[in-house]
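Colleague: whatever this is, show me its structure:
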Amino acid sequence: MFTGIIEHQGTVQALTTSAAGGRVTIAAPTLATSLNNSESVAVNGCCLTVVAANENEFSADLSPETIAKTIFGVPGALKVGTRVNLEEPLSPVKELGGHFVLGHVDTTGRVTHLAPEATGSGSWTYGIEVPEDFAQYIVPKGSITIDGISLTIAHWHPHARIVEIAVIPYTYEHTNIRDRQPGDAVNLEADILGKYIVRYLQARESAKSAASDAPQLTVSRLAENGF
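Modeller: Numbering: from 1, shown residues only. Sure, this is the predicted structure:
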């Protein structure tokens, strides 16, 4: 489990993918020395297992599911030298500064715009177009994870399926948001609490529908069946 508060950044050193899986190597001098084999690390919000590490870099294997659901599988999204956000897992004594992030990427979105706010505050407006099936998890002023960053939705434009984030200067300078361009693919993870609520409501509606389709118990039906 993670918090979405980015503490380290790294750069892609190598990336190989195929239908059977792949491997990524990340240069991360500020983090690699503290990583051991089999430990977890979030790379752009995707929880990966370290399979090799030294003082400068670490490597992780990519499953076919990871390649299918994240920007690891989007052609051209991650190149050698691309900056990535990194986070170590939440520990029992670590401050939960963001929100509950599992590192289980739901899908990918596309950057629509990144522009400085007109107020001159140094903040930025960051727009992301989300897929149709992901839109049900969007809540204005709620949480969303974009490339592993815990962010708050400032505005939601449902017809265009665009979320807008107000990015403060610190977040802009200390994450890979500053590298983003319109059209770039990003990893998306919805708030786990919201996903549970949506799933519960869907299951309840399905149960109601099944119950309404079932034959009604009446005196005549009881008599027909020998009661």
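
Colleague: alpha carbons only: can I get the worst-scoring helix or strand of the chain on mean pLDDT in CSV?
Modeller: Across the helices and strands of the chain, mean pLDDT, DSSP states H and E gives its lowest value to helix 219-224, namely a mean of 72. What follows is helix 219-224, C-alpha atoms only, in CSV (Å, rounded to 0.1, in the frame of the first residue of the first chain):
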residue,chain,number,x,y,z
VAL,A,219,-51.9,-18.6,-2.8
SER,A,220,-52.7,-20.0,-6.3
ARG,A,221,-49.1,-20.8,-6.9
LEU,A,222,-48.9,-22.6,-3.5
ALA,A,223,-52.0,-24.6,-4.4
GLU,A,224,-50.6,-25.5,-7.8
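
Colleague: run through the bridge partners of the residue nearest to residue 131 when sequence neighbours are not counted.
Modeller: Leaving aside its chain neighbours, residue 131 sits nearest to residue 107 (5.3 Å; criterion: CB to CB, 6 or more residues apart in numbering). The C-beta positions use only the backbone N, C-alpha and C, and glycine is treated the same way. Per DSSP bridges, the residues bridged to residue 107 are residue 188.

Colleague: the chain should start at 10 in everything you say after this.
Modeller: From this message on, residue numbering opens at 10, which makes the last subject residue 116.

Colleague: on the pLDDT front, check residue 116 for me.
Modeller: For residue 116, the pLDDT comes out at 97.

Colleague: doesn't residue 195 make contact with it?
Modeller: No - in this structure, residue 116 is not within contact of residue 195 by CB atoms under 8 Å, at 10.0 Å.

Colleague: who has more neighbours out of those two?
Modeller: Between residue 116 and residue 195, residue 195 has the larger neighbour count (other CB atoms under 10 Å), namely 27 against 15.

Colleague: got the contact list for the more buried one?
Modeller: 53, 80, 117, 118, 119, 120, 137, 155, 156, 189 (CB atoms under 8 Å, 6 or more residues apart in numbering).

Colleague: just residue 176 next, same as before
Modeller: 132, 133, 134, 135, 160, 186 are the contacts of residue 176 under CB under 8 Å, 6+ apart.

Colleague: please report phi then psi for the closest residue to it other than its chain neighbours.
Modeller: Nearest-residue entry for residue 176: residue 133, 4.3 Å, with adjacent residues in sequence omitted and distances by CB to CB, 6+ apart. With angles defined as degrees, to the nearest 10, residue 133 sits at phi -130, psi 150.

Colleague: does residue 90 touch residue 24 like I think?
Modeller: No - the criterion here is CB under 8 Å, and residue 90 misses it with residue 24 at 10.9 Å.

Colleague: still on that earlier bit, what pairs with the residue nearest to residue 176 across the strands?
Modeller: residue 125, residue 176.

Colleague: I'd say it and residue 184 touch.
Modeller: No - with contact defined as CB under 8 Å, residue 133 does not reach residue 184; the gap is 11.2 Å.

Colleague: retrieve the pLDDT associated with residue 222.
Modeller: 66.

Colleague: ok now do the most centrally placed residue in the chain, which residues does it touch?
Modeller: In the chain, the residue lying closest to the centroid (CA atoms, centre = their mean) is residue 198, at 2.6 Å. The neighbours of residue 198, taking CB under 8 Å, 6+ apart as the test, are 54, 110, 111, 112, 113, 114, 115, 153, 154.

Colleague: great, nothing more from me.
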